[in-house]
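Novice: here is the input, now give the coordinates:
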Amino acid sequence: MSLPKVFLTQLIPDTGMSLLKGKVDYTLWSIDEAPDPDIVLRDVKNVDGVIVTMGVKLDRIFFEKAEKLKVASLYSVGYDSVDIKTATELGIMVTNTPGVLTDATADTAMMLMLMTARKARENERIMRTGGWTHWSPSLFVGKDLAGSALGIVGFGEIGRAVAKRALSFGMKIIYTSRTRKIEYEDRLCAENVPLGELLERSDFVSLNCALTKDTTGLIGEDELRMMKKDAVLINTARGAIVDQKALFRACSEGWIYGAGLDVYEKEPIPLDEPLLGLENVVMMPHLASATKGAREGMARLAVTNLLEALEGRVPPNLVNPDVLGRLRSF
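Specialist: Below is the predicted model of the structure:
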């Protein structure tokens, strides 16, 4: 009996690759290059499963080209790049990798918070260019985290992990979420408020919600103007949640203190992006999950999801459970 055919858009860590051996017949687009969309569409025509890394759009064209596809296993938590409706309609399971990158992402949010608050980018540049010539009470002064109010937008696993870390810094937690998380409010000393109130009260705002139709452009000019003039915006979720042009104006014109970003409307970010020129904006190249433990955990989970689906079982992290009544035959 022939093995199921699987296509990988990029090489993933060996914790996942080793699980594929002897169980599937896989092909690999590239070890480290960004996948070529045209080649991906050509090579998925006769596969039973795919493991998809960042930068590949799974739209109707993709799913219709993949005529035999039974499962699309995402090497990510977010699935905003996937046409879930079409996948479900065509009987294709879609899976993701939640949980394993929660701590790494929450750590990144705190890193960006600290770097922006303490003007790490600006102060390091000053030192490296010979600007540190003396000590003064007014030099290199930033914001305190202790005693500050942290507003968390999206109180899922990652949002709650950020809250847990922020508590250890002596921060006060308020949050807004699609559904109220009463069971965590006492444990995390967290107060549930509407988005507008959160923006008005917070000294730091951390975006930790999923990108959906409702959250696309959630933070625009109106919302940024609601924030305090000394507030900081942190985004480790998805770039499209924030209107990037409005954010540039907010940070360059002093509507807010600054921003710490790991995600952008377009990735990789173009070198002519105006935000790159601002001292009060700390920017990272979408590295929140870039720890050995997180990336290996994602690989293990992505392959487990794939194999469970190909072996006729319900994978542990099925994004579209409505597909179960209409699966493609094995």
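
Novice: quick check, central residue of the protein?
Specialist: In the chain, the residue lying closest to the centroid (CA atoms, centre = their mean) is Ala237, at 4.0 Å.

Novice: so what's the spatially closest residue to that one that is not a sequence neighbour scoring on pLDDT?
Specialist: Distances taken as CB to CB, 6 or more residues apart in numbering place Leu207 nearest to Ala237, at 4.6 Å, with adjacent residues excluded. The way it works is simple: take the backbone N, C-alpha and C, and place the C-beta from them, glycine included. What the model reports as pLDDT for Leu207 is 98.

Novice: tell me the secondary structure of the residue nearest to the centre of the chain, please.
Specialist: coil (DSSP: H, G, I helix; E, B strand; the rest coil).

Novice: what sits against it?
Specialist: If a contact means CB atoms under 8 Å, 6 or more residues apart in numbering, then Ala237 has Gly154, Leu207, Asn208, Cys209, Ala210, Leu211, Val263 as its contacts.

Novice: give me that answer again for 6 Å
Specialist: Leu207, Asn208, Cys209 (CB atoms under 6 Å, 6 or more residues apart in numbering).

Novice: run a quick neighbour tally on the first one.
Specialist: The reference is to Leu207. Neighbour count for Leu207, taken as other CB atoms under 10 Å: 25.

Novice: can you give me the distance of it to Asn235?
Specialist: 5 Å (CB to CB, to the nearest Å).

Novice: cool, and the second one?
Specialist: As defined by CB to CB, Asn208 lies at a distance of 9 Å from Asn235.

Novice: helix, strand, or coil at the residue nearest to Thr15 when sequence neighbours are not counted?
Specialist: Nearest residue to Thr15, sequence neighbours excluded (CB to CB, 6+ apart): Glu296, at 4.3 Å. Three-state call for Glu296 (three-state DSSP): helix.

Novice: okay, and which of the contacts of Ala237 map to strands?
Specialist: Leu207 (DSSP state E).

Novice: distance to Arg300 added to the contacts of Ala237, as a markdown table?
Specialist: Shown next, in a markdown table, are the contacts of Ala237 (distance: CB to CB, whole Å):
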| residue | distance to Arg300 |
| --- | --- |
| Leu207 | 28 |
| Asn208 | 24 |
| Cys209 | 26 |
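
Novice: what comes up buried for stretch 156-174?
Specialist: 156-163, 165-167, 171-174 (16 or more other CB atoms under 10 Å).

Novice: taking those, tell me the two that lie furthest apart.
Specialist: Based on CB to CB, the longest span within the buried residues of stretch 156-174 runs between Glu157 and Lys172 and measures 21.0 Å.

Novice: which element is the residue of the chain most remote from its centre on?
Specialist: Seen from the C-alpha centroid of the chain, the residue lying at the greatest distance (CA atoms, centre = their mean) is His134, 40.7 Å away. For His134, there is no helix or strand it lies in under DSSP states H and E.
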